[in-house]
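[1] please work out how this folds:
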Amino acid sequence: MNPIKLHIAESNYVTREGLKSIFSEIDAIQVVGLTANSEYLKSDLLESNPDVLLINYLAEGLHASDVIQSLKLLPGIKVMGMTTVCEADTVRKLLESGLNGHLLGDCDQEEIIDSILCSGQGEKFFCGKVIDQLNNDFGDESKHGCEPITISERELEILQLVAQGLTTKQIAEKIHLSFHTVMTHRKNMMSKLGINNTAGLIIYAVRENLISPNRYLFSQTNV
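    The predicted structure follows:
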């Protein structure tokens, strides 16, 4: 399998080079480009033709509009936002434009790597803090519309393991992901479904025939 081609857009030199160093140790990821500001982003992306763009669109010299322009420039590219703070309104607008996921700068190394691996496979990835912020801003009035809710293959796999009674730590070890990544997938599912506990998640899965109620034993206290 070819490595995921990654382009990094970050104005801070130390951060940009630090990210490059992290990914250089991962065989499944190849850093094909680095950009420090909006002026050169378009030409740099056309030259590197990446699978995934990791961008700090709140950094000096970069903008949220760069996300939208990148998505239009290279159809099929996956864009992962990575900022120091979560501006919920901006994130929601970018999601509507096709943003693939979002991290915060204080995410650990494993979660940053997992986000690119997931994005490269077409999965959406949001760190738990971003999900929490988006949920908090919606408040109690948040309701799902009539649009269908899609559970990815990875989310379904985690859901089935939760139903078997495995803890988040055990699931992470079993499918070779970090603890934080598994927690993020769980929060993603709960956010999509408008549920706030494990029991509700499993009840939904049983109701929708995603898992068999006769096959799995589960507990509300699984973490």
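
[2] list the buried residues in stretch 105-119.
    Cys107, Glu111, Ile112, Ile113, Asp114, Ser115, Ile116, Leu117, Cys118, Ser119 (16 or more other CB atoms under 10 Å). Quick note: C-beta positions are derived from backbone N, CA and C, even for glycine.

[3] stretch 84-97 too?
    Using 16+ other CB under 10 Å as the test for burial, stretch 84-97 gives Cys86, Thr90, Val91, Leu94, Leu95.

[4] returning to what we had before: let's see which of the buried residues of stretch 105-119 end up in helices.
    With helices identified by DSSP state H, the entries of those that belong to them are Glu111, Ile112, Ile113, Asp114, Ser115, Ile116, Leu117, Cys118, Ser119.

[5] and the protein, what are its domains?
    For the chain, automatic domain parsing gives the domain ranges 4-138, 148-207.

[6] pLDDT wise, what is the nearest residue to Gln69 once chain neighbours are set aside at?
    Spatially, and ignoring its direct neighbours in sequence, Gln69 is nearest to Lys42 (6.9 Å; CB to CB, 6 or more residues apart in numbering). As summarised for this prediction, Lys42 has a pLDDT of 96.

[7] next one: the one 5 residues further on
    Per-residue confidence at Glu47 stands at 97 (pLDDT).

[8] just to revisit the earlier point, pick out the most distant pair among the ones in helices among the buried residues of stretch 105-119.
    Farthest pair in these (CB to CB) is Glu111 and Ser119. Separation: 12.4 Å.
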